[in-house]
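1. coords below, sequence missing:
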């Protein structure tokens with residue numbers, strides 16, 4: 001391979017990205033060395049198996065990816081606002097909308113959701129940690145290795161350019177001869193394996209590690225949503241892994257699974273991708289439903305209306321999510337019978353979703369509502385998501401979809417579903433559970449300012465796209481002539497996108513401001529919430545619960561306070577056993593990164609060496625005996641007294 005083919009060159013934007021990466025890397029290295037934080041970074045973060053710290057790393061990674069994906073979106077909107085400027089050429093535009101979609105779905109939404117799962121679920125079910133702490137760390141580092149492998153393609157080798165769904169034959173070597181789609185197949189395989197491990201881990205955690213007395217129908221709604229989500233992961237992600245492996249064989253080893261000749265079938269990729277892809281939508285939305293359920297109940301000061309119907313509706317959604325995938329290719333000639341079946345199942349899935357909307361509305365009815373920043377996101381979610389869902393029912397009609405499909409109407413629809421349904425949800429959850437991580441709340445005034453900028457910017461950015469789609473503007477279009485009339489609405493959408501970006505900047509600034517200025521004495525129950533995690537100190541110590549709680553009802557913490565009954569057994573503290581930190585998950589992630597990188601460029605000798613390294617790491621782990629460490633009763637008592645600020 002030539003040097004100029006290895007490093008992407010030719011555009012000032014890419015040169016700027018290279019310089020930025022180098023400067024940021026140097027600044028981080030110098031800062032860690034100057035402040036002597038290398039040891040701290042290794043001991044407390046890179047080797048941690050604490051579910052809360054792993055959750056924080058997931059969330060930080062997601063915020064970084066939100067910035068990267070958001071920059072891609074601004075570049076696209078700048079090009080579409082004034083296409084005659086030639087801000088992006090066609091190839092660069094193709095790469096940007098491909099990476100934008102992949103990053104936002106798989107490297108922003110997924111880790112943000114999994115990060116909140118890690119932080120909250122063990123606290124909600126009364127567990128000291130997840131079932132397999134070290135596997136949890138492996139899951140994170142595999143995700144992170146995949147994310148870094150995908151992002152490095154921007155400056156090394158070239159980004160994938162066949163769309164986030166990577167349809168064949170467009171993604172084949174014939175039409176995409178660069179290594180960009182090799183990065184796609186290998187990065188998504190590596191991170192997807194980590195996600196599959198997460199699914200197994202959390203199913204076992206929830207089913208086997210609940211506190212005494214916590215039956216399934218006593219679990220908080222967020223925990224229910226996580227359980228159902230991870231069951232979907234368990235069934236959906238193996239399909240993606242197989243499809244990506246076949247894609248890798250086609251592109252790197254010359255097989256013919258998805259070709260147009262020699263027995264291949266390009267539509268096989270579309271079916272495999274969407275058998276995973278549509279359940280994936282619910283993987284990132286169902287946990288947000290659980291978050292909104294807990295938040296609306298807390299800030300309405302009421303029990304959640306229709307608890308059982310909420311659970312059953314999520315179960316029905318999870319089942320139907322596997323029966324709607326072909327609505328993504330109504331226009332590809334699959335026939336009236338197939339289109340009709342998937343049209344019906346797509347409309348059916350709106351029914352349990354509508355049930356949840358009414359449950360939230362009835363929870364709000366006659367409630368004593370507090371409009372905190374988490375509650376504002378929940379309130380904005382209901383009408384915006386409902387509007388997005390109605391447009392989804394429009395798209396579900398197979399005959400009408402011939403007009404809507406591949407237009408900006410479709411782009412507007414899935415943003416109106418995913419941004420309020422996922423992004424609002426994870427931001428609400430981050431604000432809501434922030435005290436459990438750091439012992440204080442984010443500044444409310446700045447949080448509300450960020451909320452209004454995000455909500456207003458979002459609607460201004462994406463509402464015009466519905467009208468552009470109905471006027472005939474196709475998606476993936478990087479330029480258009482002035483006589484189409486697309487210019488004014490595209491300019492409005494671009495202004496909205498920049499307002500949305502300002503909201504994200506204010507959100508990030510609020511983290512900095514709150515860490516600098518928020519008081520550190522807001523321990524205990526800063527939101528007056530109802531579920532079990534609020535019985536722990538803020539921030540939560542490494543062991544989660546000094547004593548394992550005994551649950552007698554739904555909303556156990558609220559029930560214990562209201563009826564003045566103990567949540568924990570009386571008596572002295574007992575010694576707690578916790579797992580040791582380990583550097584193996586981090587090292588395994590690094591090796592997997594290099595294994596993927598070498599395979600991208602078909603460098604088979606170093607790839608084999610890296611593969612042997614993976615086998616050695618797994619073998620070493622199989623012979624290792626981890627006895628963990630013990631926290632004494634005296635140390636627990638001192639920690640509880642310090643965090644709770646009372647006499648223990």
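-> Yep, that arrived. Everything quoted here is computed from the prediction, not taken from an experiment.
2. Which other helices and strands does the helix ranked longest in the chain contact?
-> Counting by DSSP state H, the longest helix found in the chain is helix 266-300. Contact here means 3 or more C-beta pairs under 8 Å, 6 or more residues apart in numbering; DSSP states H and E; on that basis helix 266-300 packs against helix 110-125, helix 221-252, helix 307-320, helix 350-364, helix 373-396, helix 408-418, helix 424-438. Bear in mind the C-beta positions are built from the backbone N, C-alpha and C, glycine included.
3. Distance check, the nearest residue to residue 606 once chain neighbours are set aside against residue 613.
-> The shortest distance from residue 606 to any non-neighbouring residue, by C-beta to C-beta, 6 or more residues apart in numbering, is to residue 598 (4.6 Å). Here the criterion is C-beta to C-beta, to the nearest Å. By it, residue 598 lies 11 Å from residue 613.
4. Also residue 423?
-> Counting by C-beta to C-beta - residue 423 and residue 613 are separated by 37 Å.
5. Tell me which of these two has more neighbours.
-> residue 423 (23 against 17; other C-beta atoms under 10 Å).
6. The more buried one is in contact with residue 109, isn't it?
-> Yes - Residue 423 is within contact range of residue 109, at 7.4 Å (criterion: C-beta atoms under 8 Å).
7. Surely residue 180 touches residue 153?
-> Yes - using C-beta under 8 Å, residue 180 is in contact with residue 153, at 6.0 Å.
8. joint contacts of those two?
-> 159, 160 (C-beta atoms under 8 Å, 6 or more residues apart in numbering).
9. which residues touch residue 555?
-> With C-beta under 8 Å, 6+ apart, residue 555 has these contacts: 220, 297, 303, 530, 531.
10. Pipe those residues into TSV and attach distance to residue 243 and neighbour count per row.
-> Shown next, in TSV, are those (distance: C-beta to C-beta, whole Å; neighbours: other C-beta atoms under 10 Å):
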residue	distance to residue 243	neighbour count
220	35	29
297	39	25
303	43	13
530	42	23
531	38	22
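11. Next, format the residues you listed as JSON lines and append distance to residue 343 and pLDDT.
-> JSON lines is the format used below for the contacts of residue 555 (distance: C-beta to C-beta, whole Å; pLDDT from 0 to 100):
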{"residue": "220", "distance to residue 343": "35", "pLDDT": "94"}
{"residue": "297", "distance to residue 343": "35", "pLDDT": "94"}
{"residue": "303", "distance to residue 343": "37", "pLDDT": "91"}
{"residue": "530", "distance to residue 343": "40", "pLDDT": "77"}
{"residue": "531", "distance to residue 343": "39", "pLDDT": "84"}
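12. nearest to residue 564, of those residues?
-> residue 530 (15.9 Å; C-beta to C-beta).
13. now the closest one, what's its secondary structure?
-> Look at residue 530: counting by DSSP: H, G, I helix; E, B strand; the rest coil, its state is coil.
14. Who's the closest spatial neighbour of it, skipping the chain neighbours?
-> Nearest to residue 530 is residue 558, by C-beta to C-beta, 6+ apart, at 4.0 Å.
15. Figure out the length between the terminal residues of stretch 562-570.
-> 19 Å (C-alpha to C-alpha, to the nearest Å).
16. what ranges do the strands span in this protein?
-> With DSSP state E as the criterion, the chain has strands at 576-578, 629-631.
17. Okay, now the sheet partners of the first one, with direction.
-> Read that as strand 576-578. strand 629-631 (antiparallel) (DSSP bridges).
18. What lies in contact with the strand it pairs with?
-> By C-beta under 8 Å, 6+ apart, the surrounding residues in contact with strand 629-631 are 542, 543, 575, 576, 577, 578, 580.
19. which one in this protein is furthest away from the centre?
-> In the chain, residue 571 marks the outermost C-alpha relative to the chain mean, sitting 41.4 Å out by C-alpha atoms, centre = their mean.
20. Would you list the phi and psi of that one?
-> The phi/psi pair for residue 571 (degrees, to the nearest 10) reads phi 120, psi 170.
21. repeat for residue 167
-> phi -60, psi 140.
22. So it versus residue 406, what's the distance?
-> Separation of residue 167 from residue 406 (C-beta to C-beta): 12 Å.
23. that older thread, out of the contacts of strand 629-631, who's the most crowded?
-> Counting neighbours by other C-beta under 10 Å, residue 576 leads the contacts of strand 629-631 with 22 neighbours.
24. Let me know how buried residue 215 is, in neighbour terms.
-> Count around residue 215 with other C-beta under 10 Å applied: 9.
25. Spatially, and excluding backbone neighbours, which residue is closest to residue 238.
-> Nearest residue to residue 238, sequence neighbours excluded (C-beta to C-beta, 6+ apart): residue 196, at 6.9 Å.
26. number of nearby residues for that neighbour?
-> Residue 196, neighbours per other C-beta under 10 Å, totals 20.
27. Report the separation between it and residue 590.
-> Distance from residue 196 to residue 590, counting by C-beta to C-beta: 20 Å.
28. Can you list the low-confidence ranges for this structure?
-> Within the chain, the stretches with pLDDT under 70 are 1-11, 13, 15, 519-526, 645-648.
29. Alright, that wraps it up for me.
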